[in-house]
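[1] Predicted model and sequence below, questions to follow.
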Amino acid sequence: MAAQRLTFKAQLAQVSVPATSANLGAGFDCFALAFELRDRYAAQVLDEAIFDVDVSGEGADEVKRDKNNLVIKSMLRGFEFMGQKPRGLALRALNVTPHGRGLGSSASAIVGGLALARELVLGGDQYMSLEEMMLLATELEGHPDNVAAAIYGGATIAWMEDIYGVKTGRAVTIPVHHDIKAILFIPENHLSTTKARKLLPETVPHHDAVLNSSHAALLSIALTSRPDLLLTATEDFLHQRYRVDAYPKSMLLVDKLRAAGVAATISGAGPSVMVLHTASAGEVLEIQKAAPAGFISKDLAISRSGVE
Ligand code: HSE
């Protein structure tokens, strides 16, 4: 978009972004889900050339508090895309999404930053559509799955497309069956997505690719109308086994739950484990008893909305 003069709003902008889980087993770099667990961000444009960052909650001791903060960097990319950057910014973040556990904390920061930038510009949605937010968020994140669910909510199918020579992240939402809920098993240890991606092979056996394609296709139906197919539809052949050395305890938990008929997967790049189910409250408590030492479990509803 050509450079243009924007009118910045003087007042505070506030947004919230859901935690997300990508892959859902067979849908590597494609499927994701948003949860009713939201990071909250507030920001204001400053006349002075300073970046005043305050973070509380999850990851507060780890995240940067200057212009290299991921929310600030994403805001600045959003402003640049719309045509003009403000001199300075104040940011307050209240994080509830655990960091480095495969629950979309970086997608939350990126989508939060882009949405704040849009909110801080008069008529911002005319300068950055949701499709353009998706393009920018994918550029910042490097892959499209978590950012898709963080933007649109519910369950999303994301893909990469070459549009006029630009690699673009695109996504559609699919309606999630109302009985489907999630249980997360979150370990204490962290795993960086960059490290987990380095463990993936360049090629996979054709037979595995065929099986994975059938399961990923089935996942669309399992999520929307046939939750009874979730166990088969979430069985992956593209990533989890290749990354097992990075999350051995999580993989053992996935295997144990799946052997008991529970649709468990590694959440995103790990090391959290996610279960998709339609179980009763009593059955949920039984499933949660599988949590090994060092893991906490959370029972979560699917968020029907994305950033808001
Ligand atoms: N699809 C990505 C991966 C998700 O598994 O590497 C990272 O959150």
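    Nice, I can see it.

[2] Which residues of the stretch 101-250 of the chain lie near the ligand?
    Counting by CB under 6 Å from any ligand atom, the residues of the stretch 101-250 of the chain close to the ligand are Gly102, His143, Asp145, Asn146, Thr193, Ala196, Arg197, His239. From N, CA and C alone the C-beta is placed, and that goes for glycine too.

[3] Is the last one in contact with Gly27, as I believe?
    No - with the criterion set as CB atoms under 8 Å, His239 and Gly27 do not qualify as a contacting pair; they are 10.2 Å apart.

[4] The two: which has the busier surroundings?
    Between His239 and Gly27, counted using other CB atoms under 10 Å, Gly27 has the larger neighbour count: 28 against 24.

[5] is it true that that one touches Ile157?
    Yes - contact status for Gly27 versus Ile157: in contact at 7.5 Å, counting by CB under 8 Å.

[6] so what's Val63 closest to, chain neighbours aside?
    Among residues not flanking Val63 along the chain, Val55 sits closest, at 5.3 Å (CB to CB, 6 or more residues apart in numbering).

[7] quick one: contacts for the one you found?
    Val63, Arg65, Asn69, Arg92, Ala93, Asn95 (CB atoms under 8 Å, 6 or more residues apart in numbering).

[8] Can you select the buried ones from these in PyMOL?
    Here is the PyMOL selection string for the buried members of those, based on 16 or more other CB atoms under 10 Å:
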select buried, resi 63+69+92+93+95
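
[9] how's the protein carved up into domains?
    Split into domains by automatic domain parsing, the chain comes to 13-174, 181-300.

[10] any chance of those in a markdown table, with mean pLDDT too?
    Conversion of the domains of the chain to a markdown table gives the following (pLDDT from 0 to 100):
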| stretch | mean pLDDT |
| --- | --- |
| domain 13-174 | 96 |
| domain 181-300 | 97 |
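
[11] Could you identify which of those is most buried?
    The highest mean neighbour count among the domains of the chain, using mean count of other CB atoms under 10 Å, belongs to domain 13-174: a mean of 21.

[12] before we move on, back to that, what is the three-state secondary structure of the residue nearest to Val63?
    Put simply, Val55 is strand when judged by DSSP: H, G, I helix; E, B strand; the rest coil.

[13] how far away is it from Leu70?
    In this view, Val55 and Leu70 are 11 Å apart by CB to CB, to the nearest Å.

[14] Please apply the same query to Ala209.
    As defined by CB to CB, Ala209 lies at a distance of 33 Å from Leu70.

[15] try Phe31
    23 Å.

[16] Would you mind confirming that Ala90 makes contact with Tyr41?
    No - in this structure, Ala90 is not within contact of Tyr41 by CB under 8 Å, at 11.2 Å.

[17] and the residue in the stretch 151-300 of the chain positioned nearest to the ligand, what is it in contact with?
    Closest residue of the stretch 151-300 of the chain to the ligand, CB to the nearest ligand atom: Gly268 (3.2 Å). Contact analysis of Gly268 by CB under 8 Å, 6+ apart lists Thr20, Ser21, Ala22, Asn23, Gly102, Leu103, Gly104, Asp145, Asn146, Thr193.

[18] cutoff 7 Å now
    Ser21, Ala22, Asn23, Gly102, Leu103, Gly104, Asn146 (CB atoms under 7 Å, 6 or more residues apart in numbering).

[19] which one among these gets closest to the ligand?
    The shortest gap between the ligand and any of the contacts of Gly268 belongs to Ala22, at 3.9 Å (CB to the nearest ligand atom).

[20] Pairing partners for the host helix or strand of that closest one, with directions?
    Secondary structure from DSSP states H and E places Ala22 in strand 13-23. Partners of strand 13-23 in the sheet, by DSSP bridges, are strand 27-46 (antiparallel).
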